[in-house]
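Student: Turn this into a structure:
(one chain, ligands or ions: 1)
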Amino acid sequence: MASSASRGGALDRVEAPMTLRGYLLCVFAAFGGILFGYDSGYINGVLGMNYFKQQFGGPSSDKDAFNGHLYKTWEKSLIVSILSAGTFFGALMAGSVADWVGRRSTIIAGCGIFSIGVILQVASSTVAVLVPGRLIAGFGIGFVSAVIILYMSEVAPKKFRGAIVAGYQFCITLGLLLASVVDNATKDRMDSSSYRIAMGIQWVFALILGTGLFLLPESPRWYVKKGRNGDAARALGTLRGQPYESQYVKDELNELVVNHEYEMRKGQAGWADCFRGGWTPSSNLRRVVLGMALQMMQQWTGVNFIFYYGSTFFKTVGLQNAFLISMTTTAVNVCSTPISFWTIERFGRRMLLIYGAVGMLVCEFIIAIVGTADEGSKAAGMCLIVFTCFYIFFFASTWGPAAWVVIGEIFPLPIRAKGVALSTASNWFWNFLIGFITPYMVDEDYGNMKAKVFFLWGATCTACVLFAYFLVPETKGLSLEQVDRMLEETTPRNSTKWVPHSMRGDMADISSLGSTEKAVPDAPAPVFRENHDA
Ligand code: BGC
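Tutor: Predicted coordinates for the structure are as follows:
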């Protein structure tokens, strides 16, 4: 029986040797993760700034008021959550735009929209201007966050695709860390620079991403989708550091074209097609549900409870230096993510998701049990800090990156942009919903669950283990086209053993496919070595 480790060996087609430049090109888009992380993170710090309360708030006698000024509770909720509303709709719309104008152009457009939102935010001195600013910026981030996963998955060579997409998660963690560092550095300024610096810095990230992408090629798979095989060959050549007429490029292009022709026998795909095909393992509906559910479960691991409400929560259970603890968890998040660059390719996506959730649920139940049995004690406080760090370690090295990697891999080309968009929108939807209900579970005036809230996260992480075990297929080491075939031929639980055996159909007639540019000469079908012990 072939093991997952032998999967790479079974794919004996020679892949182009990757150059350093090739890696850098594939990994550059990951930079967009900084926008995601920074924007989710910076607003909490800004809301706590004294100058901000004075400038944006009205008269208030609340104990959190500064100089008798504070924004109202609904204004606070609106300022925080309007970003998720924007990202949700932005991500959905990006699914169509990315098929229409291309992946790269959609990300660049997202940076442009985001910049308009940032300008409004920086210019704002009232809630009435800040809120539309956050909404527009959110819309831009929705574009960026949905299409970056798509773009990176489509340009990366299969052997390193997991590691390269995990780079995106690493940038999210860096963005979160940068946000707390910047907030902390400007929070004591008593003029508008306190919040304007924190808001304005985001624009630099968008500028770097938007201009950098101009220098990168469009996704070769998008070109194939549009019948522009000459352009696809050139893009592949640039990405792999090979002349576009080289055999490496022809082989890879051939695989894309053959598979696309096969998929297109079912006809052009619109939004409705994302929900077709019944409940068979490879149906569009099943894949879309898998992608959306995976992102939902990632949010139900409870990770953002630590990042969004950590400081407040640590205080309610009697830990004084809450800010320091938050900085520590953010730093653990950054430092643990790179481990996944190696493990995701070595052990695969399934293993990471299954064992990562096991690790998280153990930490959560320990925190819940000790915190409830010995409430308010020093030992319970210590336990909370230590096991929160272990918990973040498990999230950052497994579910954080793997959830993004898998949604980039499971959709067939005709619905890939829309499938990734729906999955990303699901992430933002649950991010918002869980963020919205959490205060009601833990605030003293409402649920006041204290450490008991970790029983809930422990239970949801147990559901994550079952979800990953029964429903997530192993996509490691396969081209996106082979993933398609694997889903048709095996079940998630047996997917690790599946090895590619032959191409779909025969050789593609690449020169006859209506390229708008110079066509590439015919390429022979890639040679796969049958793995006889499979
Ligand atoms: C999640 C975010 C989370 C972040 C933490 C991402 O993968 O989608 O919701 O805040 O990881 O690093």
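
Student: So this structure: which segments form each domain?
Tutor: As assigned by the TED database, the chain contains the domains 20-216+277-493, 220-266.

Student: By proximity to the ligand, which residue of the stretch 351-500 of the chain wins?
Tutor: residue 400 (4.5 Å; Cβ to the nearest ligand atom). No exception for glycine: its C-beta is placed from N, CA and C like everyone else's.

Student: Quickly find the element holding that residue.
Tutor: Using DSSP states H and E, residue 400 falls within helix 399-407.

Student: Is the helix or strand that that helix is followed by in proximity to the ligand?
Tutor: Downstream of helix 399-407, the next assigned helix or strand under DSSP H and E is helix 413-442. Yes - Helix 413-442 comes into contact with the ligand (Cβ under 6 Å from any ligand atom), by way of 427, 431.

Student: Can the following helix or strand past helix 413-442 be said to contact the ligand?
Tutor: Sequence order places helix 453-471 as the next helix or strand after helix 413-442, per DSSP H and E. No - Helix 453-471 stays out of contact with the ligand when judged by Cβ under 6 Å from any ligand atom, the minimum separation being 13.5 Å.

Student: now helix 453-471: how far from the chain's centre is it?
Tutor: 19 Å (Cα atoms, centre = their mean, to the nearest Å).

Student: One more: stretch 139-156?
Tutor: For stretch 139-156, the distance to the chain centre is 9 Å (Cα atoms, centre = their mean).

Student: Next: stretch 419-431.
Tutor: 9 Å.

Student: Contacts for it, please.
Tutor: 40, 84, 87-89, 91-95, 98, 142, 145-147, 149-150, 153, 274, 284, 287-288, 291-296, 298-300, 304, 403, 407-408, 410-411 (Cβ atoms under 8 Å, 6 or more residues apart in numbering).

Student: Out of those, name the ones that lie in helices.
Tutor: 40, 84, 87-89, 91-95, 98, 142, 145-147, 149-150, 153, 284, 287-288, 291-296, 298-300, 304, 403, 407 (DSSP state H).

Student: which of the residues you listed come close to the ligand?
Tutor: Okay, of the ones in helices among the contacts of stretch 419-431 touching the ligand (Cβ under 6 Å from any ligand atom), that's 40, 298, 304.

Student: Check pLDDT for those residues and point me to the minimum.
Tutor: Among those, residue 40 has the lowest pLDDT, at 84.

Student: Tell me the residues of this protein that contact the ligand?
Tutor: 40, 169, 172-173, 176, 298, 303-304, 307, 333, 400, 427, 431.

Student: Tell me the one among the residues you listed nearest to residue 239.
Tutor: residue 169 (21.3 Å; Cβ to Cβ).

Student: In three-state terms, how would the closest residue to residue 465 other than its chain neighbours be classified?
Tutor: Nearest non-adjacent residue to residue 465, counting by Cβ to Cβ, 6 or more residues apart in numbering: residue 357, 4.4 Å away. What DSSP: H, G, I helix; E, B strand; the rest coil gives for residue 357 is helix.

Student: In contact with residue 357: list those residues for me.
Tutor: With Cβ under 8 Å, 6+ apart, residue 357 has these contacts: 301, 398-399, 461-462, 464-465, 468.

Student: give the contact list for residue 110.
Tutor: 90, 94, 140-144, 147.

Student: and what of residue 274?
Tutor: Residue 274 neighbours (Cβ under 8 Å, 6+ apart): 284-285, 288, 415, 418-419, 422.

Student: Ok, residue 154 next?
Tutor: For residue 154, the contact set (Cβ under 8 Å, 6+ apart) comprises 103, 219-222, 408, 416, 480.

Student: how about 7 Å then?
Tutor: Neighbouring residues of residue 154 by Cβ atoms under 7 Å, 6 or more residues apart in numbering: 103, 219, 221.

Student: any idea how far the closest residue in space to the last one that isn't next to it in sequence lies from residue 363?
Tutor: Setting aside the residues directly before and after it, residue 221 is nearest to residue 154 in space (Cβ to Cβ, 6+ apart), at 4.4 Å. Distance of residue 154 to residue 363, computed by Cβ to Cβ, to the nearest Å: 35 Å.

Student: tell me which residues of the strand or helix carrying residue 25 are tucked away?
Tutor: Taking DSSP H and E as the definition, residue 25 sits inside helix 20-28. Counting neighbours by 16 or more other Cβ atoms under 10 Å, one finds that the buried residues in helix 20-28 are 22-23, 25-28.

Student: can you check stretch 193-207 too?
Tutor: Under 16+ other Cβ under 10 Å, the buried positions of stretch 193-207 are 194-196, 198-199, 201-203, 205-206.

Student: and that stretch, what's its mean pLDDT?
Tutor: On average, stretch 193-207 scores 95.

Student: Give me the contacts around that stretch.
Tutor: Identification of contacts with stretch 193-207 by Cβ under 7 Å, 6+ apart yields 34-35, 38-39, 42, 45-46, 49, 51-52, 111, 114-115, 118, 121-122, 182-183, 186-187.

Student: do stretch 171-185 as well
Tutor: Taking Cβ under 7 Å, 6+ apart as the rule, stretch 171-185 contacts 30-31, 33-38, 40-42, 45-46, 197-198, 201, 307, 326-327, 330-331, 333-334, 337, 396.

Student: Sitting in strands, which of the residues you listed do you find?
Tutor: Judged by DSSP state E, strands contain none of the contacts of stretch 171-185.

Student: Write the ChimeraX selection for whichever of these are buried.
Tutor: Remark: buried members of these, expressed as a ChimeraX selection using 16+ other Cβ under 10 Å:
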select :30,31,33,34,35,36,37,38,40,41,42,45,46,198,201,307,326,327,330,333,334,337,396
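
Student: rewinding a little: from the contacts of residue 154, pick the one nearest residue 57.
Tutor: residue 103 (42.0 Å).

Student: How many residues are close by the closest one?
Tutor: By other Cβ atoms under 10 Å, the residues close to residue 103 number 30.

Student: Run through the residues that contact it.
Tutor: 147, 150-151, 154, 218-219, 222.

Student: mind checking how far it is from the ligand?
Tutor: According to Cβ to the nearest ligand atom, to the nearest Å, residue 103 and the ligand sit 20 Å apart.

Student: what sits against the residue most central in space within the chain?
Tutor: Centroid-nearest residue in the chain, with Cα atoms, centre = their mean: residue 404, separated by 4.3 Å. The contact partners of residue 404, taken as Cβ under 7 Å, 6+ apart, are 149, 165, 168-169.

Student: Which one of those sits in the busiest neighbourhood?
Tutor: Going by other Cβ under 10 Å, residue 165 tops the contacts of residue 404 with 30 neighbours.

Student: Can you pull the phi and psi angles for residue 66?
Tutor: Dihedral angles of residue 66 (phi, psi; degrees, to the nearest 10) stand at phi -120, psi 130.

Student: Please give me every residue in contact with it.
Tutor: 50, 53-54.

Student: Equivalent analysis for residue 45, please.
Tutor: Counting by Cβ under 7 Å, 6+ apart, residue 45 makes contact with 179-180, 183-184, 187, 198.

Student: State the pair within those that is farthest apart.
Tutor: Farthest apart among these by Cβ to Cβ are 179 and 187. That separation is 11.9 Å.

Student: Tell me which of the contacts of stretch 193-207 fall in helices.
Tutor: Members of the contacts of stretch 193-207 lying in helices (criterion: DSSP H): 34-35, 38-39, 42, 45-46, 51-52, 111, 114-115, 118, 121-122, 182-183, 186.

Student: show me where pLDDT drops low in the stretch 151-300 of the chain?
Tutor: 266-268 (pLDDT under 70).

Student: burial count for the closest residue to the ligand within it?
Tutor: Using Cβ to the nearest ligand atom, residue 173 is the residue of the stretch 151-300 of the chain that sits closest to the ligand, at 4.6 Å. Neighbourhood size, residue 173 [other Cβ under 10 Å]: 27.

Student: now swap in the one 10 residues further on and tell me
Tutor: Around residue 183 there are 22 other residues, counting by other Cβ under 10 Å.

Student: repeat for residue 112
Tutor: By other Cβ under 10 Å, the residues close to residue 112 number 13.

Student: what residues are up against the residue nearest to it when sequence neighbours are not counted?
Tutor: With sequence-adjacent residues excluded and distances taken as Cβ to Cβ, 6+ apart, residue 112 is closest to residue 210, at 6.8 Å. Residue 210 is in contact with 108, 111-112, counting by Cβ under 7 Å, 6+ apart.
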